Every structure is written in structure tokens, then in C-alpha cells.
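Chemist: sharing a model that was predicted from the sequence below.
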Amino acid sequence: MNKQPKYRQVADALRREIDNGTYPPGSRLPSEAELSTRFDASRNTVRAGLNLLVTQGLVASSQGLGYQVTKHEVFKLNASRFENLTFPQNGDAYSTDVTAAGRRPSQTFRVELQPAPKHVAERLEVAADSTTVLRFCHRFVDDVPWSTQATHYPEWLVAKAPRLTEPGDIAEGTTRYLADLGVTQVGYFDEITTRMPTPEEARLLEVGAGVPVLLWTRTGYSDERPIRCTVTTFRGDLNQMNYEIGDLSAREVSE
């Protein structure tokens with residue numbers, strides 16, 4: 001005898017059918033009325049089960065359109081190669097990686113002077129509230145929101161790299177632009193965390209209830225000091241980060 005609440009039984013049954021392909025990504029689930037009949041449950045119970053799937057990011061609800069299985073075409077980002085100038089690039093690292101995966105990149109930009117938030121000032125080793133250049137990107141893969149990226153550059157760097165304050169994209173990527181000016185990123189320190197999105201992040205990334213975000217903070221260093229702090233906020237349901245460390249020749253042979 002199943003002792004789980006009825007709404008969880010409904011959610012579990014539908015989850016299994018999503019997993020086995022009965023309801024593939026993009027398909028619509030039966031109506032609440034149809035599910036009520038199938039599970040011999042009230043519409044409130046069925047709705048509670050469906051809402052549980054919504055909070056788990058498996059389905060999305062639309063007013064008047066019912067419930068649809070979410071599409072999870074995951075983008076795989078090689079974080080070890082990202083911004084590595086020894087690898088061939090067509091534009092910046094983001095455009096290069098997305099295009100190489102056979103998908104279509106697009107992005108919008110915002111550039112402004114801004115006091116350094118506390119967490120940024122600590123990483124850039126500058127005084128709290130000192131001026132930084134913020135370059136903010138809202139990035140898409142195949143027109144689907146993929147990430148936001150906020151990069152802060154210390155004010156001292158602007159004199160050497162004035163294009164940092166110009167609106168719009170730096171076509172070759174800022175890492176290559178700075179390297180061409182003699183400010184070479186020789187290393188970086190990564191921090192990776194997850195949490196639930198803020199309302200603004202949920203709006204920009206168009207994530208449903210229950211879908212977390214992945215925060216990737218990368219502090220880049222020249223051979224003298226920090227030169228930038230980048231916080232990328234990814235949709236947790238559409239992204240996978242990979243790192244390559246050490247000798248992986250055996251893996252390449254096996255593939």
C-alpha cells in the first residue's frame with residue numbers, strides 16, 4: 001500500500017513518464033480534468049502534484065495552455081579552455097564555444113562606472129566603494145537565456161585599456177584585448193556556488209520556480225595583481241561545466 005500523499009503519487013507517476021519519454025521535452029501533459037479521472041483524485045490534488053513538478057523544473061505552466069515538459073538541451077562549457085588564448089578563437093570565448101557546439105550565440109551589453117561591491121573589492125584588492133568599470137552581458141544560446149555576466153575592472157586599468165569603458169562588445173574578447181596591451185592574464189582563481197535565483201535573476205534568465213542558478217566567480221591575475229573579477233550566473237537546468245586537469249590522453253584514446 002502506497003502511504004505517500006496522493007499528490008506525490010501523481011507527481012511520481014508523471015515524473016517516471018517524463019523520464020521514459022512518454023512525455024518528451026516540449027510536449028504538453030494531459031489536462032487537470034483528464035489527470036483527475038486517471039488518478040481518481042480531485043483537481044486540487046492533481047494541481048498540487050503538477051506544482052511539485054514545476055518547482056523541480058520538470059514542467060512549466062502557462063495561463064490557458066496547461067503544463068508543458070521543459071526542454072533541457074544542456075550546453076557544456078569547458079571551463080579549463082574558456083579564455084585560454086592558446087586555443088583558436090573566433091571572437092570572444094563565449095561566441096567561440098557556442099558556435100563550436102553548432103549553436104547560435106547572441107548577447108546584449110551594458111557598461112557603467114560603479115563603486116566596487118564588497119565581494120568584488122576584496123577580490124580586486126582595492127578599497128571598498130572604489131570605482132570600477134562594470135561590463136555586464138546578458139547572454140543567449142539559440143535565443144534562450146543562458147547566463148548573465150558581470151565583470152568589474154579596477155579603475156587603474158582604464159588608463160591602459162580605454163576600450164573597457166566603451167559600450168558594446170570588444171570583438172576579440174577583453175582577455176585578448178588586454179594581452180595585446182601587455183596586461184596578460186597569467187592565472188585565475190575560480191569559485192563555484194549554487195543557490196536559488198533572486199527575482200531579478202529569475203526574470204533575466206526566465207527560470208521557473210525550483211530551478212537554481214550556478215554562480216561562477218573568476219578572478220583574473222596578471223603577474224603583479226588582480227585585473228578583473230567576473231561573476232557569471234548560469235541557469236542551473238541548462239548548463240554543465242567541465243574542467244580538464246592533468247594528462248587526459250587515456251580519455252582521448254578511449255573516446
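Modeler: Done, it's in.

Chemist: could you use CA atoms for every contact and neighbour count after this?
Modeler: OK.

Chemist: OK, contacts around Gly26?
Modeler: Residues touching Gly26, when contacts are defined by CA atoms under 8 Å, 6 or more residues apart in numbering, comprise Gln68, Val69, Thr70, Lys71.

Chemist: grab the nearest non-local neighbour of it.
Modeler: If you skip the residues right next to it in sequence, Gly26 has Val69 as its closest partner in space, 5.2 Å away by CA to CA, 6 or more residues apart in numbering.

Chemist: now the strands: where do they sit in the stretch 151-255 of the chain?
Modeler: All strands of the stretch 151-255 of the chain, identified by DSSP state E, counting those that start in this stretch, fall at 187-195, 213-221, 226-235, 239-242.

Chemist: any idea which of those strands gets closest to Ala116?
Modeler: Set against Ala116 and scored by CA to CA, those come closest in strand 226-235, at 10.3 Å.

Chemist: distance between that closest one and the chain's centre?
Modeler: Relative to its chain's centre, strand 226-235 lies at 11 Å (CA atoms, centre = their mean, to the nearest Å).

Chemist: by contact count, what packs against it?
Modeler: Using 3 or more CA pairs under 8 Å, 6 or more residues apart in numbering; DSSP states H and E as the contact criterion, the neighbours of strand 226-235 among helices and strands are helix 118-124, strand 144-154, strand 213-221.

Chemist: avg pLDDT for that strand?
Modeler: The predicted model assigns strand 226-235 a mean pLDDT of 95.

Chemist: alpha carbons of that strand, in PDB - could you do that?
Modeler: Taking Å, rounded to 0.1, in the frame of the first residue of the first chain, the C-alpha atoms of strand 226-235 are listed here in PDB:
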ATOM      1  CA  PRO A 226      44.300  41.200  -9.900                       C
ATOM      2  CA  ILE A 227      43.000  42.700 -13.100                       C
ATOM      3  CA  ARG A 228      39.300  41.700 -13.100                       C
ATOM      4  CA  CYS A 229      36.600  39.900 -11.200                       C
ATOM      5  CA  THR A 230      33.900  38.100 -13.300                       C
ATOM      6  CA  VAL A 231      30.700  36.700 -11.800                       C
ATOM      7  CA  THR A 232      28.700  34.600 -14.300                       C
ATOM      8  CA  THR A 233      25.200  33.500 -13.300                       C
ATOM      9  CA  PHE A 234      24.100  30.400 -15.200                       C
ATOM     10  CA  ARG A 235      20.700  28.700 -15.400                       C
END
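
Chemist: ok, it: who's next to it in the sheet?
Modeler: strand 144-154 (antiparallel), strand 213-221 (antiparallel) (DSSP bridges).

Chemist: looking at these, spot the one closest to Arg81.
Modeler: Go through these one by one with CA to CA and the one that ends up closest to Arg81 is strand 213-221, at 13.3 Å.

Chemist: residues in contact with the closest one?
Modeler: Applying CA under 8 Å, 6+ apart, the external contacts of strand 213-221 come out as 123-124, 185-197, 226-236.

Chemist: now do stretch 175-193
Modeler: By CA under 8 Å, 6+ apart, the surrounding residues in contact with stretch 175-193 are 83, 85, 160-161, 170, 214-223, 227.

Chemist: tell me the two of those residues that are most distant?
Modeler: Between any two of the contacts of stretch 175-193, the greatest separation by CA to CA is 32.5 Å, found for Lys160 and Leu214.

Chemist: neighbour-wise, which of the two wins?
Modeler: For the pair Lys160 and Leu214, the greater number of neighbours falls to Leu214 (21 against 13), based on other CA atoms under 10 Å.

Chemist: hang on, the earlier thing: mind giving me a markdown table with the strands paired with strand 226-235 and columns for mean pLDDT and distance to Ser130?
Modeler: As requested, the strands paired with strand 226-235 are arranged in a markdown table below (pLDDT from 0 to 100; distance: least, CA to CA, whole Å):
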| stretch | mean pLDDT | distance to Ser130 |
| --- | --- | --- |
| strand 144-154 | 93 | 8 |
| strand 213-221 | 95 | 17 |
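
Chemist: just say helix, strand or coil for the residue nearest to Gly208 when sequence neighbours are not counted.
Modeler: By the measure of CA to CA, 6+ apart, the closest residue to Gly208 outside its immediate chain neighbours is Gly57, 6.4 Å from it. When the structure is reduced to helix, strand and coil (DSSP: H, G, I helix; E, B strand; the rest coil), Gly57 reads as coil.
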